[in-house]
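[1] Mind looking at a prediction? Sequence and model below.
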Amino acid sequence: MRITQSMITENFMRNLNQNLKRLADVNDMIAAQRKIRRPSDDPVGAALALKLRRQLSAIEQYNSNAKDALTWMKDTETALTNVGDILQRLNELTVQAANGTLTPEDREKILYEVRELKDQLLQEANSTSINRYIFGGYITDKPPFAIVEKEIDGELRKVVELNPEIPDEGKTIDDNDFLEYNLGRSERIPINLIGPEVFEDIFDAVESLENALETNDSEAISGDVLEDIKNSLGIVLKYRAQIGARTNRLEATVSRLDANEVDYLELLNNTEGIDLAELITELKMEESIYRASLSVGARIIQPTLVDFLR
């Protein structure tokens with residue numbers, strides 16, 4: 001078989017293009033910082049990388065949900081702590097008011113402070129977290145409580161009740177009132193407390209104290225009123241315990257999801273990541289091969305008369 005110049009040229013060009021392709025592939029990997037740039041590079045690895053990215057996206061969303069819920073829990077704990085402090089002060093005032101030797105001026109001072117503390121309780125009952133009302137059930141865009149005028153024993157009194165602006169369906173308590181955050185495929189956690197369950201008895205106790213002070217009923221103050229205030233403290237402690245348990249669960253969930261995210265990122269890097277030092281060495285080698293190919297080609301491809309005529 002006779003080896004012609006065209007055969008030599010064709011074979012050389014094919015090998016040169018292969019060298020150039022390898023050089024371009026290595027250069028693209030370095031530029032993209034990934035060894036899998038298209039499915040054809042590694043079909044199995046590309047499928048695994050796609051699956052890992054979907055899982056990472058889900059983990060990031062679950063982690064965001066858990067951190068958002070944790071913020072809500074901490075804001076709720078702050079509100080309940082403040083409520084507990086207010087009730088503790090009300091308890092002290094109730095014990096003080098039960099003393100039959102107080103002057104009318106002393107009782108008036110106590111009554112003034114009780115009313116101020118009731119207003120402060122209202123503020124805590126209408127606390128917000130990220131511009132959403134904590135104790136409003138599923139209606140988080142309206143304050144759950146408001147001061148309204150109500151006729152009691154033939155007199156108009158200012159009492160705390162559910163906000164009249166809330167629709168009637170939002171004033172009933174059922175399972176739909178609980179806000180839940182999705183923390184996993186089959187893991188959900190309720191994050192809110194229902195306002196009437198927490199505060200209804202508390203406001204009743206405070207208003208009973210207010211009324212007893214207005215009528216100078218020391219017997220009621222030292223009896224039912226004082227007991228109701230103490231029971232209110234127990235209510236707050238009960239719900240603080242619930243929030244504490246949920247907070248611990250959320251903190252553990254955030255730690256787990258953070259660890260999962262690190263593990264999946266490492267696995268994704270092992271699947272499609274590159275060893276930069278190794279690729280730079282390979283790039284230099286491919287450059288040398290390509291330059292050598294050009295040098296050899298300049299020697300074996302002889303110019304013809306046609307080349308000169310061009």
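    Noted; the coordinates are in hand.

[2] Pull the residues that contact stretch 245-260.
    Here stretch 245-260 makes contact (Cβ atoms under 8 Å, 6 or more residues apart in numbering) with 59, 62-63, 66-67, 69-70, 73-74, 77, 183, 187, 189-191. C-beta: built from backbone N, CA, C; applies to glycine.

[3] Residue 284: which of the residues you listed is nearest?
    residue 59 (38.5 Å; Cβ to Cβ).

[4] farthest pair in the contacts of stretch 245-260?
    Taking Cβ to Cβ, no two of the contacts of stretch 245-260 sit farther apart than 59 and 77, at 26.3 Å.

[5] residue ranges with poor pLDDT in the stretch 101-250 of the chain?
    Under the criterion pLDDT under 70, the flagged ranges of the stretch 101-250 of the chain are 153, 167-176.

[6] Now do the helices in it.
    For the stretch 101-250 of the chain, the helices defined by DSSP state H, counting those that start in this stretch occupy 104-125, 195-214, 218-220, 226-272.

[7] do you know which of these lies nearest residue 136?
    Residue 136 sits nearest to helix 195-214 of all the helices of the stretch 101-250 of the chain, at 6.2 Å, using Cβ to Cβ.

[8] Relative to the whole chain's centre, how far out is the closest one?
    Distance of helix 195-214 from its chain centroid, counting by Cα atoms, centre = their mean, to the nearest Å, is 34 Å.

[9] Next, the angle helix 226-272 makes with it.
    150 degrees (axes from the mean of the first three to the mean of the last three Cα atoms, to 10 degrees).

[10] Identify each buried residue in helix 195-214, please.
    195-196, 198-200, 202-203, 205-213 (16 or more other Cβ atoms under 10 Å).

[11] Only the C-alpha atoms, please, for that helix, written as CSV.
    The C-alpha coordinates for helix 195-214 follow below in CSV (Å, rounded to 0.1, in the frame of the first residue of the first chain):
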residue,chain,number,x,y,z
GLY,A,195,-54.4,33.5,72.1
PRO,A,196,-57.7,32.8,73.8
GLU,A,197,-56.3,29.6,75.3
VAL,A,198,-53.4,31.4,76.8
PHE,A,199,-54.9,34.8,77.7
GLU,A,200,-58.6,34.5,78.3
ASP,A,201,-58.3,33.4,82.0
ILE,A,202,-55.4,35.8,82.5
PHE,A,203,-57.4,38.9,81.4
ASP,A,204,-60.4,37.7,83.4
ALA,A,205,-58.3,37.5,86.5
VAL,A,206,-56.8,40.9,86.0
GLU,A,207,-60.2,42.5,85.3
SER,A,208,-61.6,40.8,88.4
LEU,A,209,-58.8,42.4,90.4
GLU,A,210,-59.5,45.8,88.8
ASN,A,211,-63.2,45.5,89.6
ALA,A,212,-62.5,44.4,93.2
LEU,A,213,-60.2,47.4,93.7
GLU,A,214,-62.8,49.8,92.3
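
[12] who touches it?
    Residues contacting helix 195-214 (Cβ under 8 Å, 6+ apart): 83, 87, 90, 93-94, 97, 107, 110-111, 114-115, 117-118, 121, 125, 135-137, 144-145, 152, 157, 159-160, 162, 171, 173, 217-218, 220-221, 224-225, 228-229, 231-232, 235-236, 239.

[13] buried stuff in stretch 85-100?
    Buried residues in stretch 85-100, counted by 16+ other Cβ under 10 Å: 86, 87, 90, 91, 93, 94, 97, 98.

[14] for stretch 125-136, same thing?
    In stretch 125-136, counting by 16+ other Cβ under 10 Å, buried: 125, 126, 127, 129, 133, 134, 135, 136.

[15] same check, this time on stretch 59-71
    Here stretch 59-71 shows 59, 62, 63, 65, 66, 67, 69, 70 as buried, counting by 16+ other Cβ under 10 Å.

[16] can you give me the offset of that stretch from its chain's centre?
    3 Å.

[17] before we move on, what about stretch 98-116?
    46 Å.

[18] circling back to that earlier point, kindly state which of the helices of the stretch 101-250 of the chain is positioned closest to residue 54.
    Of the helices of the stretch 101-250 of the chain, nearest to residue 54 by Cβ to Cβ is helix 226-272, at 10.2 Å.

[19] got the angle for that closest one vs helix 104-125?
    If you take the same axes, to 10 degrees, helix 226-272 sits at 20 degrees to helix 104-125.
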